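Q: Here is the input, now give the coordinates:
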Amino acid sequence: MKVNWNKLFSISVSEEVYFNDQKDKIEFVGCNLSGERCLDYLPQINEFFRESDRFHRAKDFNRAIDALEHAYGVAEEIKEPECQRCAMFFKATVIQSLESLHVELEKMGRGIFSTRRYDSCCLKAEGLLMRLTAKKGVNAEYSITDKSLSLQPAYML
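A: Below you'll find the predicted structure:
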């Protein structure tokens, strides 16, 4: 009898353990102001984040960038004055995700074994970043002066 040692000690974990598509990127924990209008937009934004993550895992970076652009567009639709802090937070989260995607694409385009395969995606992400950060009042570094935070990211990067 021959024992196959590779199968005896093989450990495999399914993709669902590592990537949870049911978890939201941004969770709503409460609003200090009376405006809960952002609750209408938050599920759409989270769905675009999930869609972007799925495309990112499949190495379809153009569609991942498009999904992040759509999430930013939904966050820009929030016009109520009492919800502007939430809108700024949503926009900053989208910009941070886009920046990390852009950095990853830049790293893939450099080095000894680079193939220039994702250069167009990198340029697209860079152009979108420049366009989004050129808008007045949008900054990837979102901070709030109050000690009681009303919105917090579901996980930290």
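Q: can we go C-alpha only for contacts and neighbour counts from here?
A: OK.
Q: Any stretches of this structure with poor pLDDT?
A: Under the criterion pLDDT under 70, the flagged ranges of the chain are 1-22, 28-36, 136-157.
Q: the longest helix in it is where?
A: Assignment by DSSP state H gives helix 84-108 as the longest helix of the chain.
Q: Check which element follows it along the chain.
A: Using DSSP states H and E, the helix or strand that follows helix 84-108 in sequence is helix 119-133.
Q: That following helix relative to helix 84-108, how many degrees between them?
A: Following axes from the mean of the first three to the mean of the last three CA atoms, to 10 degrees, one obtains 150 degrees for the angle between helix 119-133 and helix 84-108.
Q: Quick check: buried residues in helix 119-133?
A: 121, 122, 124, 125, 126, 128, 129, 132 (16 or more other CA atoms under 10 Å).
Q: quick one: the second one from residue 104, how far?
A: For residue 122, the distance to residue 104 (CA to CA, to the nearest Å) stands at 9 Å.
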